[in-house]
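Visitor: Let's see this in three dimensions:
(2 chains)
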Amino acid sequence: MFFYRKDFVARTLAELTEALQRAVFTHRYARLPGLLQRVDPRVKLVTLMVFLIGAAMAHRIETLMGLYAFSLFLAIISRVPLGFFLKRVWFFIPIFAGIIAVPAIFNVITPGRPVFTVFRFPDPISLLGLVHIPAEITVTEQGLKGAAIFVIRVADSVSLAVLLVITTEWMRLLSALSAFRFPRMGILMLAMTYRYIFLFLRVAEEMFLARRSRTVGHTPAREKRRWIAGGTAFLLNRSYNLGNEVYLAMLSRGWNGRARVLEELHAGWLDALWAAFSLLILVAIVFSEKGIG
Amino acid sequence: MSEPVFELENTGYSYMDGLVALDNISLQVMPGERVVILGVNGSGKSTLIKIMDGLYFPTTGECRAFGVALTERQFRNEEFAFSFRRKVGLLFQDPDVQLFSPTVWNEVAFAPLQLGLPEREIKERVEDALETLGIQHLKERAPYQLSEGEKKKVALASLLSLDPQVWLMDEPTANLDPRTQGWVIDFLLSLADRGKTLVLAIHELEVAQIVAQRIYVLGEDHRMAAQGSPDEILGNNDLLARANLIHVHRHFHGGDVHRHPHVHKHDHHG
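Guide: This is a model prediction of the structure:
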């Protein structure tokens, strides 16, 4: 659409809508005959949560790399295309983890054995006696190791979370949360967010198109900002009203806060096997961590 | 004589900010009856329908369903709520409001699932509803992938799978193309043939003419303006003009200018 080219907000909205449609609303992988798809969602939720905690507690780079290799293995035996999976996981990591990890590699944040020098000041700098910057800014071995551990830990966590979400149908995931007495209100909010985020992106996109169709010539930046603020308020108001209406529509058809799925959840031999296997992996994580002494 | 399905006595509803949506409404709906509530946008039709579905509660007066006053306290009783929701279904005006499940199949299965029907019966009901509405091919689709007409059919299927005795419907034919509108009207009449009680909140006189056995007219002042048979109500141009349901048309015949009420009403013979 040619008119998107220059308008950052409109372009972002259109791309976001498309990305969400592709990413969030895909049931393709949840229905494939893979391993994780066959595991009872409650068992899957618990085991993947345990791995997440394992990733958060692990400090050895080998353990974390092992866990990452394990998540790739899980993706393969769950028939999730590796390219799609890697893209999904690594798209956000440089944005979020990178911002935190990059400063940590320098001796200003993490002192240690210098690997190479990035910049030299004539003298050390002291800001108000609170912040001390050494004369030589270097990348340290400890800093690099710390950043690598952090990034791999994030990759492990995101991979496990992505695996859980894409191999489980949404209603079954909500049902698993219900089974663990996750607060009803939280489940309701998740269910509604999932369904309506797309609708609101469409509404926002149409608002931009409607404005475009009535705009001739150049609009000053101040006017654009004012319009965006007004549009945001309108959407907020509309989402509030729609939220109320949807809740009434759910009540009207018997909703009492408990998400139900057609097949009642039954844990079978495969789930027991999976739980035992997960326990083994957990033991391996613990031993790997102990190995450091 | 059988007990009324709904009985409203001097019912009023005001919003939190004091805005009056309904003022002193009294009406009765008998089992198997086809009742139309006619009114313009903003007259309070949707609020009235929601009161009858136990979603809003009157701020004055009373609304009784099957002889029981609908109150918040009453709905806290799970047994009552369960039995009421099985008997009464509501079609919302905006199908996007009603289609909150990830796929059409899940949507149609939602009510029978929530009401705890056995698994086999749920599957049968869902397949029957999809077949009756001719939307089996849509069952794997997400609601956002549907056209307006398809959304309306899915919303109807989601009630049909519940098979309620009473169908409350808020503007069931609004914003639909003529073919889908005709299809929905035929569907409503088929429900009536099966002895279902229908309550329609609409503003289209031609739909009222076809469907209604009895009409209540809501005025722009949120009060009941009139009630009667379709012939009594739809033949009363003064009443319809006062309720803003018809308007005066001005047009030219050669050099002459004519002014007359414009009524959206079709005559059906035979």
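
Visitor: For chain A, what's its nearest residue on the stretch 1-150 of chain B.
Guide: B:Gln114 (3.5 Å; Cβ to the nearest Cβ). All C-beta spots, glycine's among them, are computed from the backbone N, C-alpha and C.

Visitor: Would you confirm that that residue contacts A:Arg253?
Guide: Yes. B:Gln114 lies in contact with A:Arg253 (Cβ atoms under 8 Å); the separation is 6.2 Å.

Visitor: I'd like to know how far the residue of chain A found nearest chain B sits from B:Glu220.
Guide: Taking Cβ to the nearest Cβ as the measure, chain A has A:Gly254 as its residue closest to chain B, at 3.5 Å. Going from A:Gly254 to B:Glu220 by Cβ to Cβ, to the nearest Å gives 35 Å.

Visitor: Please apply the same query to A:Glu205.
Guide: Relative to B:Glu220, and taking Cβ to Cβ, A:Glu205 is found at 35 Å.

Visitor: repeat for B:Leu130
Guide: 40 Å.

Visitor: With A:Glu136 instead?
Guide: Distance from A:Glu136 to B:Glu220, by Cβ to Cβ: 80 Å.

Visitor: And those two? Which one has more around it.
Guide: Between A:Glu136 and B:Glu220, counted using other Cβ atoms under 10 Å in any protein chain shown, B:Glu220 has the larger neighbour count: 16 against 13.

Visitor: Make sure I have this right: the more buried one is in a helix.
Guide: No. Checked against DSSP: H, G, I helix; E, B strand; the rest coil, B:Glu220 lies outside a helix; its state is coil.

Visitor: Show the contacting residues for residue 42.
Guide: Picking chain A for this. A:Ala176, A:Ala179, A:Phe180, A:Leu265, A:Ala267 (Cβ atoms under 8 Å, 6 or more residues apart in numbering or on different chains).

Visitor: hmm, I had chain B in mind actually
Guide: B:Glu220.

Visitor: Helix, strand, or coil at it?
Guide: Strictly by three-state DSSP, B:Gly42 counts as coil.

Visitor: for it, phi and psi?
Guide: Here the main-chain torsion angles of B:Gly42 (degrees, to the nearest 10) amount to phi 90, psi 0.

Visitor: With A:Val108 instead?
Guide: Residue torsions, per degrees, to the nearest 10, at A:Val108 are phi -60, psi -40.

Visitor: Surely it touches A:Pro134?
Guide: Yes. Shown here, A:Val108 and A:Pro134 form a contact pair, counting by Cβ under 8 Å, at 7.2 Å.

Visitor: Name the residues that touch stretch A:147-160?
Guide: A:48, A:51-52, A:55-56, A:58-59, A:61, A:64-65, A:67-68, A:71-72, A:75, A:85, A:89-90, A:92-93, A:96-98, A:100-102, A:104-105.

Visitor: Drop anything exposed from those.
Guide: Buried positions within those, assessed by neighbour count (16 or more other Cβ atoms under 10 Å in any protein chain shown), are A:48, A:51-52, A:55, A:58, A:64-65, A:67-68, A:71-72, A:75, A:85, A:89, A:93, A:97, A:101, A:104-105.

Visitor: Next, the buried residues of the helix or strand where A:Val151 lies.
Guide: Element membership of A:Val151 [criterion: DSSP states H and E] is helix A:141-166. Neighbour-count burial for helix A:141-166 flags A:143-144, A:146-147, A:149-160, A:162-166 (criterion: 16+ other Cβ under 10 Å).

Visitor: Stretch A:102-111 now?
Guide: A:Ala104, A:Ile105, A:Phe106, A:Asn107, A:Val108, A:Thr110.

Visitor: avg pLDDT for it?
Guide: For stretch A:102-111, the mean per-residue pLDDT is 84.

Visitor: next one: it to chain centre, how far?
Guide: 26 Å (Cα atoms, centre = their mean, to the nearest Å).

Visitor: got the end-to-end distance for that stretch?
Guide: This stretch, stretch A:102-111, spans 14 Å end to end (Cα to Cα, to the nearest Å).

Visitor: residues touching B:Leu138, list them.
Guide: So B:Leu138 contacts B:Val104, B:Leu130, B:Leu146, B:Glu150, B:Val154 (Cβ under 8 Å, 6+ apart).

Visitor: How about stretch A:199-218 and chain B, touching?
Guide: Yes. Among the residues of stretch A:199-218, A:Leu199, A:Arg202 lie within reach of chain B under Cβ under 8 Å from any Cβ of the partner chain.

Visitor: pLDDT averaged over that stretch - what is it?
Guide: 78.

Visitor: Alpha carbons of it, as CSV, please.
Guide: Output in CSV follows, covering the C-alpha atoms of stretch A:199-218 (Å, rounded to 0.1, in the frame of the first residue of the first chain):
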residue,chain,number,x,y,z
LEU,A,199,-9.9,-6.7,16.1
PHE,A,200,-8.4,-3.5,17.6
LEU,A,201,-5.4,-3.5,15.4
ARG,A,202,-7.9,-3.6,12.5
VAL,A,203,-9.9,-0.8,13.9
ALA,A,204,-6.8,1.3,14.4
GLU,A,205,-5.7,0.6,10.9
GLU,A,206,-9.1,1.6,9.5
MET,A,207,-9.0,4.8,11.6
PHE,A,208,-5.7,5.7,9.9
LEU,A,209,-7.2,4.9,6.4
ALA,A,210,-10.3,7.0,7.2
ARG,A,211,-8.0,9.9,8.2
ARG,A,212,-5.8,9.4,5.1
SER,A,213,-8.9,9.5,2.8
ARG,A,214,-9.8,13.0,4.2
THR,A,215,-6.3,14.4,4.3
VAL,A,216,-5.1,16.6,1.5
GLY,A,217,-1.6,18.0,1.5
HIS,A,218,0.8,18.2,4.4
